[in-house]
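> Structure, please.
(chains A and B)
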2 protein chains.
Amino acid sequence: MNTKIEKYYSLLKEQKLIKGSSGLLSWDQEAVMPEKNVEFRADQISYLNTLLHSKRTSTEFINLVEDLSGKVDNLDPIDKRSVENTKRDIDKVKKLSQNFVETFSKAKSVAQSAWRKAKEGNDFSLFKPHLQTIIDLTKQYAELINPNKPTYDVLLDDFEEDLTTEEVSNIFTPLKDELITLLANVKQDEDHPNIFKNIDFNADKAEHVVRELVSKIGFDFTSGALGRVHHPFETSLSPYDIRINQSYYHKDLAQTLTGAIHELGHGLYEQNIDEKYFKTSLNQGVSLGVHESQSRLLENMIGRSKAFWDYFKPLIHTYFPKAKDISTEEIIHQLTFVQPSFIRIEADEVTYNLHIILRFEIEQEMLKPDFNIDDLPEIWNAKMQDFLGIIPPEISKGCLQDVHWSLGAIGYFPTYSLGNLIAGQLWNVFTKQNPDYNSNISSGDFSFYFNWFKENIWQHGSFYKAKDLIKHVTGEELDSKYLVAYLKDKYLQNYTK
Amino acid sequence: MNTKIEKYYSLLKEQKLIKGSSGLLSWDQEAVMPEKNVEFRADQISYLNTLLHSKRTSTEFINLVEDLSGKVDNLDPIDKRSVENTKRDIDKVKKLSQNFVETFSKAKSVAQSAWRKAKEGNDFSLFKPHLQTIIDLTKQYAELINPNKPTYDVLLDDFEEDLTTEEVSNIFTPLKDELITLLANVKQDEDHPNIFKNIDFNADKAEHVVRELVSKIGFDFTSGALGRVHHPFETSLSPYDIRINQSYYHKDLAQTLTGAIHELGHGLYEQNIDEKYFKTSLNQGVSLGVHESQSRLLENMIGRSKAFWDYFKPLIHTYFPKAKDISTEEIIHQLTFVQPSFIRIEADEVTYNLHIILRFEIEQEMLKPDFNIDDLPEIWNAKMQDFLGIIPPEISKGCLQDVHWSLGAIGYFPTYSLGNLIAGQLWNVFTKQNPDYNSNISSGDFSFYFNWFKENIWQHGSFYKAKDLIKHVTGEELDSKYLVAYLKDKYLQNYTK
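Model prediction:
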């Protein structure tokens, strides 16, 4: 048994070496690579991903994992969970023929480039046939993985283990009503000022602010790095190489800092997984929802609070002396004004989840047999009118705004709202156990935050299933009431906390 | 034949994809990677290099290349030269057992880390046994590659095709005398000022200066990038991804700029190889000597001239206003003062080649059967006294200063001086054909330089052998008189041109 588990870990190590190399090629493409290298890089990534797929689906590896998973009761708990976790993935992968994988992969690649052109040209017809192909292949995919489960359940399970459409509906339906009512009662702000517009924005200086800020909160630069990219993201290239990547091109300090704090939340999670999981398949955040809860909680609950900016305002002044006249209250207003808008990623905390629920409802429509893709723009606009009272003036600000469908990621969007809900529920427990959190933050003490989340969430990696972890930490199943209570408390009082 | 040559290029493409990935992992290690990731990254690089070796020495590839190389007269000239070039490399590689390759590779890895500690601790005994191992394995290597050639000839050939010890001696022996005489007649400067010491050095700003400077001379950022590293180097990750990497940590603007101009010379060479060579094995500079000639020529002949700084001085002022009072003459003095010193990489143009000749003589000693490694420090110091009239105060500034031997690169040093000599010879032809070069440079017109070197050197990649290329462009075999004449002209007049 010992030799087999060692062999399993050594094959896993090989896969990690390849995956991390492919990950670096992708990271570098966003952060450093010159534009003319696009094709060569695509060939490199494809070559390594094919190599990885061949290792993962090799007879040797599959037989070993199946053998081990038949005897998991002889394994220690970590080995057992790792084997089960790998088995779960392999059981899916082996149902897909090489031919299907390549067809789907090419369709996504073509769809992504078509989507980019359609969005730039504001022309749905350029993307429509490709989206139809993606939908068709997604249905085939779900059929191959599990013909006995509803399509959308199969898709959700890829992003959030065991999650069902029914569960999401049971959470989203009351949440939608709550949020629409809340929005009607919150003071909106059509003409909010951009308070940082006259500070002589400079990317080098903004990056120094980001570096000092994330370092102060707990990011470890001996096992992490800061990248400069077009669209912010976090990527884990190995347990000792976690990269948070920020954009500076829009020249908006508020957007740069909230974006950086968001990615920091992901980065802290990945950087604080217990070393005992490093050789296993458990050395990553447990699910997209839990991951997003860590970024959202840090970005919104902490990063959009007065205490936070009371402490960090002087850091901004160091690099941008012209920001000296801006008060903490003005910063908080900039970061928390509420206003229905077209673009999901620019949405405030109150309206954000309505953008997600809209996509959740539309995705279910899309998978129905009688769905007509020509109706998509109208369905989108009708729901925007229903939920937010506004209609996009052009389709690039409507159903063409997100990249996800072109990537074949149908069933992904709900995890963003799950992240917010989990953040709300964790924040409720955390603040009860740390009643002095505001004064700690305003004095620059983040150890109480860091230690609590490391202890309760981060260190565990994927050892516990997401649902079990949430129940273990909060004592309850996921419930939207905590996020709603938090939003009401924050936004019904014209927030200045 | 057509199918075979296509198969050859497709296997070569696979090797390029792997090699470029391994190259990125190495680049990133110097430029971005956090320190705790060292072991994981070493495993990744080793994994990909082993994969590359297995592809390169596969029966399929070797048989194909041998088959093609038996019928080269049926191939077009580019295919022919590529096949021959690959065959030459394979003929070496296949003489080495996997066991020998791994033993040597591990010995180098251990020696490198021992060298680092020895240099830091100023303690030769820490490196001595490892250097002895490297010497022993290097002799074995040469014996395996070609037992009928002198050891040092075998080693030289790895870095400069067909070069022999005798040829190098015939060039270096008179050069040594010329340089020692020249040094005795040049005005030396013991207490040169660091003219940039009060400009408030800032790495971000220095990087902006570097970016604008290299761009102006012709570096193409659509197929290249600028990295920030500890020790400057150039690396080619693909024909469309050439990276020049600069160091800013020493906070010395003169060193930053001359270093950047040097790496730019390498980068321009790699970036301007004709596209027709991209799929072949010829898409790189032809030899280390010719490569170094391009960096040295740009760094020294152009980058240490008054015309150059007349043009670029205002760029420095833009980012460092406190440099406004510094005259071009002061900059030129900073970049061209002559003074014997201990460290090769800090040496001026007059003394630099004496550092190389010293190493060339010592390396030949090292390979003799009766060489006693305990004598190395004394041999080093005696030659320093002979050549430069100074003796290193400590061994870290003596025979422990360079990384090369720990990397197993015995026979590499001569290519640095060959680079200077080739630069001298090319410069002689170039300036005769472009008599207005100084006024062109001082008006910021680099097209005459760019076009001449692209036409005569860069575009050809490795299509011509180094010796043939030099003869073709200059009409002569390599001759040290041109470098000597250039140095006399520049340094015997207390340079202010």
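> what stretches of the stretch 251-400 of chain A score poorly on pLDDT?
Low-confidence segments of the stretch 251-400 of chain A, defined by pLDDT under 70, are absent.
> And for stretch A:240-247, what's in contact with it?
A:20, A:27, A:30-31, A:207, A:210, A:214, A:219, A:223-237, A:256, A:259-260, A:263-264, A:266-267, A:270-271, B:33-34, B:36-37, B:40-41 (CB atoms under 8 Å, 6 or more residues apart in numbering or on different chains). C-betas here are computed from N, CA, C, even on glycine.
> Those residues in helices, which ones?
A:20, A:27, A:30-31, A:207, A:210, A:214, A:256, A:259-260, A:263-264, A:266-267, A:270-271, B:40-41 (DSSP state H).
> How about the residues of chain A by chain B?
Contact residues (CB under 8 Å from any CB of the partner chain) of chain A with chain B: A:13-14, A:17-18, A:20-21, A:24-25, A:28, A:32-37, A:40-41, A:43-44, A:47-48, A:204, A:221-225, A:227, A:237-241.
> Please indicate which of these are buried?
A:14, A:17-18, A:20-21, A:24-25, A:28, A:32-34, A:36-37, A:40-41, A:43-44, A:47-48, A:223-225, A:227, A:237-241 (16 or more other CB atoms under 10 Å in any protein chain shown).
> quick one, strands of chain A?
Here chain A has its strands, by DSSP state E, at A:224-228, A:233-238, A:241-246.
> which helices and strands sit right next to the shortest one?
Translated: strand A:224-228. helix A:2-31, helix A:203-217, strand A:241-246 (3 or more CB pairs under 8 Å, 6 or more residues apart in numbering or on different chains; DSSP states H and E).
> thought A:D252 was touching A:F201?
Yes: counting by CB atoms under 8 Å, A:D252 does reach A:F201; the two are 7.4 Å apart.
> isn't A:E394 right next to A:N122, touching?
Yes: counting by CB under 8 Å, A:E394 touches A:N122, with 5.2 Å between them.
> Can you name the residue of the stretch 51-200 of chain A nearest chain B?
The nearest approach of the stretch 51-200 of chain A to chain B comes at A:L51, 8.3 Å away (CB to the nearest CB).
> how far away is that residue from A:D28?
18 Å (CB to CB, to the nearest Å).
> that older thread, count the residues that sit near the residue of the stretch 51-200 of chain A closest to chain B.
18 (other CB atoms under 10 Å in any protein chain shown).
> residue contacts, it?
A:L51 touches A:I18, counting by CB under 8 Å, 6+ apart.
> Now do the same for it: its pLDDT.
pLDDT for A:L51: 94.
> Could you check how far it is from A:E30?
A:L51 is 22 Å from A:E30, where distance means CB to CB.
> Same question for A:D200.
From A:D200 to A:E30 the distance is 27 Å (CB to CB).
> Those two: which is more packed in?
A:E30 (17 against 10).
> I'd say the more buried one and A:R228 touch.
No: using CB under 8 Å, A:E30 is not in contact with A:R228; the gap is 9.2 Å.
> so what's the residue in the stretch 301-450 of chain A positioned nearest to chain B up against?
At 11.2 Å from chain B, A:Y319 is the closest residue in the stretch 301-450 of chain A, using CB to the nearest CB. Contact analysis of A:Y319 by CB under 8 Å, 6+ apart lists A:N202, A:K205, A:A206, A:H208, A:V209.
> Would you enumerate the residues in contact with the second one?
Pointing back at A:K205 there. Neighbours of A:K205 in contact, by CB under 8 Å, 6+ apart: A:Y319, A:F320.
> Let me see the backbone angles for A:N283.
phi -90, psi 50 (degrees, to the nearest 10).
> Just give the number of residues close to the closest residue in space to it that isn't next to it in sequence.
Once flanking residues are discounted, A:N283 sits nearest to A:Y277: 4.5 Å by CB to CB, 6 or more residues apart in numbering or on different chains. Residues lying near A:Y277 (other CB under 10 Å) number 20.
> just A:Q459 next, same as before
Neighbours around A:Q459, by other CB under 10 Å: 16.
> Could you report the pLDDT at it?
98.
> quick one: it and A:V290, what's the gap?
Taken as CB to CB, the span from A:Q459 to A:V290 is 13 Å.
> related to what we said a few turns ago, so if I had to pick from A:E394 and A:N122, which one is more boxed in?
Comparing A:E394 with A:N122 by other CB under 10 Å, the one with more neighbours is A:N122, at 13 against 9.
> show me what contacts the closest residue to that one other than its chain neighbours?
In space, and not counting its chain neighbours, A:N122 is closest to A:S396: 4.6 Å by CB to CB, 6+ apart. Neighbouring residues of A:S396 by CB under 8 Å, 6+ apart: A:K119, A:E120, A:N122.
> With pLDDT as extra columns, can I get the residues you listed in a markdown table?
Below are those laid out as a markdown table (pLDDT from 0 to 100):
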| residue | pLDDT |
| --- | --- |
| A:K119 | 95 |
| A:E120 | 93 |
| A:N122 | 97 |
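> So which of those are in helices?
A:K119, A:E120.
> Show me which of the contacts of A:S396 is closest to B:W452.
Among these, A:E120 lies closest to B:W452 (CB to CB), at 41.3 Å.
> which residue packs closest to that closest one, ignoring adjacent ones?
In space, A:E120 comes closest to A:S396 once its chain neighbours are excluded; the distance is 7.5 Å by CB to CB, 6+ apart.
> Could you report the distance from that neighbour to A:W115?
The spacing between A:S396 and A:W115, counted by CB to CB, is 11 Å.
> Equivalent analysis for A:F371, please.
Plainly put, A:F371 is 19 Å away from A:W115 if you go by CB to CB.
> Also A:S125?
12 Å.
> ok, which stretches of the stretch 351-497 of chain A are helices?
With DSSP state H, counting those that start in this stretch, the ranges of helices along the stretch 351-497 of chain A come out as A:376-388, A:414-433, A:437-442, A:447-456, A:466-474, A:481-491.
> which of those helices sits most buried?
Counting by mean count of other CB atoms under 10 Å in any protein chain shown, helix A:414-433 has the highest mean neighbour count of those, with a mean of 22.
> Show me what that helix is packed against.
helix A:151-159, helix A:165-185, helix A:288-296, helix A:349-366, helix A:447-456, helix A:466-474, helix A:481-491.
> swap the cut-off to 6 Å and go again
Here helix A:414-433 touches helix A:288-296, helix A:349-366, helix A:481-491, going by 3 or more CB pairs under 6 Å, 6 or more residues apart in numbering or on different chains; DSSP states H and E.
> Next up, the contacts around A:Q385.
A:I391 (CB atoms under 6 Å, 6 or more residues apart in numbering or on different chains).
> Look up how far A:S281 lies from the spatially most central residue of chain A.
With the centre of chain A defined as its mean C-alpha position, the nearest residue by CA atoms, centre = their mean is A:E292, 4.7 Å away. Remark: distance between A:E292 and A:S281 (CB to CB) = 21 Å.
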